[in-house]
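Enquirer: Prediction below, plus the sequence it came from.
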Amino acid sequence: MSVTGSDRPHTLTGRLGVGSIVFMVVAAAAPLTVIAGTVPLGLAAGNGAAFPTTFALCCGILLLFAVGFCAMSRHVPNAGAFYSYVQKGLGRPLGLGSAFLALVTYAAVQLAVFGYIGAVIDALVQHWGGPALPWYVWSLVVAAVVGVLGYRHIELSGKVLGALLIAEVAIVLVFDAVVIGRGEHLSTAFVQPPQFVSGSLGIAIMFAIASFIGFEATAVFRDEARDPQRTIPRATYTALLLIGVFYTLSSWAVVSAWGDAAAIEAAAADPGNMIVTTITNVLGPAGGDVAQVLLMTSLFAAALSFHNVLARYYFSLGNSGALHPAVGRSHPRHSSPHVASLTQTIVAASFLVIFAIAGMDPVTQVFAWMAGTATLGVLGLMTLTCAAVLVYFRRNRVDTRVWHTLVAPALGLVGLLACLVLTVSNFPTLIGGSGALAFGIGAILVLAFVFGLVWSRLRTVSGSLPATPSPAADAA
């Protein structure tokens with residue numbers, strides 16, 4: 001690990017257990033936001049009443065990815081997550097390309113959340129008789145609160161996220177239980193193959209895979225985990241299974257609350273309010289009001305989670321010499337990546353100001369465009385990581401388990417490539433139908449990756465990065 005302005009290496013410390021890390025990454029996935037935002041779109045534009053099965057399919061593909069990801073985590077003593085794995089398996093240039101691609105990807109998803117939450121808070125305030133303020137005022141306030149929490153020790157964020165996550169999951173599970181208890185209109189479409197392949201399966205898979213963004217961030221908290229060798233794999237599997245089961249069960253309950261045909265009609269007629277309407281119908285007006293508030297807290301939890309992920313990416317890159325060493329400094333009292341956290345807060349606030357000046361709509365433009373960017377970026381990163389796992393274990397026989405190092409990663413790679421192809425082909429739909437915009441977003445992601453490749457070469461030539469990574473550099 002490189003040493004910054006002081007004579008000590010800057011590290012992050014903590015005693016996060018499996019539960020705390022699971023809270024962190026499941027909160028990033030924003031379960032209630034997915035049920036409220038993605039499920040209606042999957043029902044209306046995807047494969048209809050069989051959309052819940054799509055969550056189960058995508059969860060299976062990501063579990064295959066997680067097998068190799070977790071097997072390799074024992075041999076990557078770095079909190080850089082995707083870029084550390086790609087660097088270890090495919091070399092430093094591709095690793096640094098992945099790092100800058102990850103920065104753009106996670107920045108995009110956080111901006112998407114900031115845009116959405118600004119609109120949600122404004123609607124709630126007006127609903128309660130408050131003043132009508134521009135969405136970006138609320139977004140900037142949320143960004144400031146997130147920045148303060150990100151500056152402090154990670155365990156504070158973990159406690160906040162734990163409380164918010166329990167609340168948002170609880171109301172959906174109560175809704176699920178009431179629907180199942182009533183036993184009316186219980187859908188069977190999810191077990192009927194003809195229904196599953198009806199409509200647009202490609203769009204359904206695209207929406208479903210986007211809903212899992214965040215589960216892979218467990219490795220980012222490696223330095224702050226109580227026992228990273230065990231905690232990270234357990235947290236990864238636990239988070240993925242919890243998210244997959246929750247999405248599948250709850251989306252099925254939404255369909256069952258209406259009936260197959262009626263659910264599709266309701267989703268097509270008013271996708272933005274379908275879930276609040278559904279919960280209100282099942283749990284009453286009070287349940288609908290609570291759901292609206294918890295949708296806001298769900299978005300806040302997601303913004304805080306992705307802020308923590310981004311700060312640790314910056315921190316790891318600062319320590320490895322890829323970015324200015326100051327970004328790799330840790331706070332002497334909070335043991336937090338405080339400079340990286342401040343950097344991310346400033347970057348996010350700057351883009352929010354730019355979006356405000358441009359007069360962009362917080363949902364149809366900021367949220368849709370940024371969420372689409374993140375979906376494409378994460379799929380690219382996971383595909384590269386899966387390839388890195390395969391190459392690493394073929395070159396280094398440190399683990400001879402065939403399932404963990406070859407079969408599961410290979411199957412995961414095939415599945416991820418299929419999802420990537422489907423996402424690229426349906427990408428204009430995901431961001432609102434503009435082919436030119438889709439091309440522009442794709443070009444930004446490619447340029448971020450290429451910049452990392454070139455930057456790696458320039459930094460190596462200048463001596464900022466050693467030509468061959470040393471064990472110390474790998475541990476940075």
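Expert: All right, it came through fine.
Enquirer: Can you pull out the low-pLDDT segments for this structure?
Expert: In the predicted model of the chain, residues 1-15, 78-80, 153-158, 328, 330-336, 433, 460-476 satisfy pLDDT under 70.
Enquirer: Counting neighbours, which bits of stretch 188-203 end up buried?
Expert: If you call a residue buried by 16 or more other CB atoms under 10 Å, then stretch 188-203 has these buried ones: 189-190, 195-196, 198-203. Bear in mind the C-beta positions are built from the backbone N, C-alpha and C, glycine included.
Enquirer: which ones among the residues you listed are found in strands?
Expert: Using DSSP state E, no member of these falls in strands.
Enquirer: of all those, which comes closest to A340?
Expert: I203 (36.3 Å; CB to CB).
Enquirer: Does the closest one touch T429 like I think?
Expert: Yes. With contact defined as CB atoms under 8 Å, I203 counts as touching T429 (6.0 Å).
Enquirer: picking up where we left off before, could you dump the buried residues of stretch 188-203 into a markdown table with distance to L96 added?
Expert: Formatted as a markdown table, the buried residues of stretch 188-203 follow (distance: CB to CB, whole Å):
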| residue | distance to L96 |
| --- | --- |
| A189 | 46 |
| F190 | 42 |
| Q195 | 45 |
| F196 | 40 |
| S198 | 43 |
| G199 | 41 |
| S200 | 37 |
| L201 | 36 |
| G202 | 32 |
| I203 | 33 |
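Enquirer: Among the residues you listed, which lie within helices?
Expert: 195-196, 201-203 (DSSP state H).
Enquirer: any chance of those in TSV, plus distance to A302?
Expert: Converted to TSV, those look like this (distance: CB to CB, whole Å):
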residue	distance to A302
Q195	31
F196	29
L201	27
G202	26
I203	23
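Enquirer: Check these against L453 and report the nearest one.
Expert: Within those, proximity to L453 (CB to CB) peaks at G202, which comes in at 30.2 Å.
Enquirer: measure that closest one to T53 for me?
Expert: G202 sits 14 Å away from T53, going by CB to CB, to the nearest Å.
Enquirer: And for L417?
Expert: Applying CB to CB, the value for L417 to T53 is 21 Å.
Enquirer: The two: which is more packed in?
Expert: Just comparing L417 and T53: by other CB atoms under 10 Å the higher neighbour count belongs to T53, 22 against 14.
Enquirer: Wait, the more buried one touches F190, no?
Expert: Yes. In this structure T53 lies within contact range of F190 using CB under 8 Å: 4.4 Å.
Enquirer: anything in contact with each of I203 and T429?
Expert: Common neighbours of I203 and T429 (criterion: CB atoms under 8 Å, 6 or more residues apart in numbering): A45.
Enquirer: what's the helix or strand where T38 lies packed up against?
Expert: Following DSSP states H and E, one finds T38 within helix 31-45. Packed against helix 31-45 by the contact rule (3 or more CB pairs under 8 Å, 6 or more residues apart in numbering; DSSP states H and E) you find helix 51-73, helix 154-182, helix 201-210, helix 228-258, helix 260-269, helix 274-283, helix 285-320.
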